[in-house]
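Chemist: need a 3D model of the sequence below.
(chains A and B)
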2 protein chains.
Amino acid sequence: MSAPEATILVGRKPTTNYVIATVMQFNAGSKRVILKARGTAIARAVATAVMVRDRFMPGLVEVKEVKLLSDRIAGQGGKERYVAAIEIVLEKKQ
Amino acid sequence: MSAPEATILVGRKPTTNYVIATVMQFNAGSKRVILKARGTAIARAVATAVMVRDRFMPGLVEVKEVKLLSDRIAGQGGKERYVAAIEIVLEKKQ
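Modeler: As a prediction, the model looks like this:
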């Protein structure tokens, strides 16, 4: 049995990989899939969400919430720096 | 007199340019600034929004809405293709 909620970290792989992972999670019974990304991968997370919603599961899935965050990460020389991040909550429609 | 609402198209310039443009709009009297971006510029629009909210105007501005869209554009050879897009609504707090 799959958990009702799944989180997918979107990184440097092709967008299609994340689209497939998201669709598989919904097909395995998840009610929500949360896409998380930082920095340049943010664009890939948005592309994933839009492709799942409009092309792969039209009418079945909606974007429930989009959070914009700033993550603190350790940069070179132990200095901290901030990077923009996104969390997109996709939810199955009832 | 500045319009109460301004739209900024985020493209290929450095993020700082868009941060400055956004802050200037608010300082000129705009109540809302809408950041629009497509494709890879999406990450830059998110970075702009987060920097304005958390670093340049902390406590003064909030992210009111984030829309994820798919824009149809004319590709090579007149074929249409879809590209992910974002609209971020920043609003001055009362």
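
Chemist: I'd like the distance between the residue nearest in space to the middle of chain A and B:E62.
Modeler: Central residue of chain A (C-alpha atoms, centre = their mean): A:L35, 1.4 Å from the mean position. Using C-beta to C-beta, to the nearest Å, we find A:L35 at a distance of 22 Å from B:E62. All C-beta spots, glycine's among them, are computed from the backbone N, C-alpha and C.

Chemist: equivalent analysis for A:T22, please.
Modeler: With distances defined as C-beta to C-beta, the gap from A:T22 to B:E62 amounts to 28 Å.

Chemist: with just CA atoms, put stretch A:67-85 into CSV.
Modeler: These are the backbone C-alpha positions of stretch A:67-85, laid out as CSV (Å, rounded to 0.1, in the frame of the first residue of the first chain):
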residue,chain,number,x,y,z
LYS,A,67,5.0,27.9,-1.6
LEU,A,68,8.0,30.0,-2.4
LEU,A,69,10.7,29.7,0.2
SER,A,70,14.3,30.6,0.8
ASP,A,71,16.5,27.7,1.9
ARG,A,72,19.7,28.3,3.8
ILE,A,73,22.6,26.2,2.5
ALA,A,74,26.3,25.9,3.4
GLY,A,75,28.3,27.6,0.6
GLN,A,76,32.0,27.5,0.0
GLY,A,77,34.3,28.1,3.0
GLY,A,78,31.5,27.4,5.4
LYS,A,79,29.7,30.6,4.6
GLU,A,80,25.9,30.4,4.5
ARG,A,81,24.0,31.5,1.5
TYR,A,82,20.3,31.6,0.6
VAL,A,83,18.8,29.9,-2.4
ALA,A,84,15.2,30.2,-3.6
ALA,A,85,13.0,27.1,-3.4
